[in-house]
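Undergrad: sharing a model that was predicted from the sequence below.
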Amino acid sequence: MRFNPKADISGGRVKDVRGGGGGGGGMGNLPIGGITGGGIGTTIVVVVIYLIVQFAGGGSGGGGPATETDRYDQCKTGADANNSADCARKAVEVSLESYWSQVLPQQTNTAFRPTQVVTFDGSTNTGCGAASKDVGPFYCPTDQTIYLDTTFFADVLEGQLGGQGGDFVEPYVIGHEFGHHIQNLLGTMGRVRTQTGPTSDSVRLELQADCYAGMWAKGATGTTDGSGVKIFESIDDGDIQEALDAAKTVGDDRIQQAGGGDVNKEQWTHGSSAERMKWFKTGYSATNIKQCDTFSAASL
């Protein structure tokens, strides 16, 4: 992937915070019941690798207010994004906002409201409770914010789970979490009743977020900054393969096997590796958001 050096990314809704975590509270209603029985290892590992949507609730988490850092102050243009992973993250958020601010109202008659990406190190407070460094990327619908500890990709996705990595892995993950924001705006999260199982509502929600990530990946090269300048110069087949490898890496069956356990479909919350790749590809070839309707799909 390469960004247009002339693109303006200075208005991206990405910030970095330090502090503000600690204390009790937890992450609210984490739908991970029974997952540790699948042989993954510890609850911490489960929380990290499952990229779980946080449904409403959770305590304040304690601790004082978080302080915003200057981590993204130097991120002004696409040229900066080509030279910095931090600035690339900001450019991806600008592109996602550009894409969904057009597609959502056009295809669903639903008004778009922006989310933001908050990166942190160690711990921080969220609208869904206290998040620690052991929690992977997640979307909190209570404050409509995506939270991300950037060490996740090297330490967990590549390290613990053996993903191949690459510069389009993080855009896929952020695109997936942004997909949860779209679901929140559409009211789809309210349809979730069953939390585990191969055809559960939780699995359908996650696969749909993968499909939305695929839609954005296909349309990303057409997204523009506030002045109409294209954000991306190119996204190639290698980038899409990196996204597909990441989707495969976080499949429920792959995670269970990585933890040394047997594959148990009744404990699934996100779908298999094959399903996650399938729905990303479905989104990538889709011409309308209705093609990502996993809740009406006869088979996943």
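TA: It's in. Numbers count the residues shown, from 1 in each chain.
Undergrad: what's the neighbour count on the closest residue to residue 148 other than its chain neighbours?
TA: The shortest distance from residue 148 to any non-neighbouring residue, by CB to CB, 6 or more residues apart in numbering, is to residue 137 (4.7 Å). C-betas here are computed from N, CA, C, even on glycine. Residue 137 is flanked by 22 other residues according to other CB atoms under 10 Å.
Undergrad: swap in residue 290?
TA: 10.
Undergrad: ok, and the closest non-adjacent residue to it?
TA: Once flanking residues are discounted, residue 290 sits nearest to residue 107: 7.6 Å by CB to CB, 6+ apart.
Undergrad: OK, contacts around the residue nearest to residue 148?
TA: Residue 137 makes contact with 51, 146, 147, 148, 149, 152, 173, 174, 177 under the criterion CB atoms under 8 Å, 6 or more residues apart in numbering.
Undergrad: what about it, distance to residue 266?
TA: The spacing between residue 137 and residue 266, counted by CB to CB, to the nearest Å, is 25 Å.
Undergrad: work out for me the element the residue nearest to residue 290 sits within.
TA: Using DSSP states H and E, residue 107 falls within helix 85-108.
Undergrad: from the contact counts, what lies against that helix?
TA: For helix 85-108, the packing partners by 3 or more CB pairs under 8 Å, 6 or more residues apart in numbering; DSSP states H and E come out as strand 14-18, helix 78-83, strand 116-120, helix 169-186, helix 201-219.
Undergrad: doesn't residue 115 make contact with residue 181?
TA: Yes. Residue 181 lies in contact with residue 115 (CB atoms under 8 Å); the separation is 4.3 Å.
Undergrad: shared neighbours of these two, anything?
TA: By CB under 8 Å, 6+ apart, the residues touching both residue 181 and residue 115 are 139, 144, 146.
Undergrad: could I get the contacting residues of the residue lying closest to residue 178 once chain neighbours are set aside?
TA: Sequence neighbours aside, residue 96 is the residue nearest to residue 178 in space, at 4.7 Å (criterion: CB to CB, 6+ apart). Going by CB under 8 Å, 6+ apart, residue 96 touches 174, 175, 178, 216, 223.
Undergrad: fine by me, thanks again.
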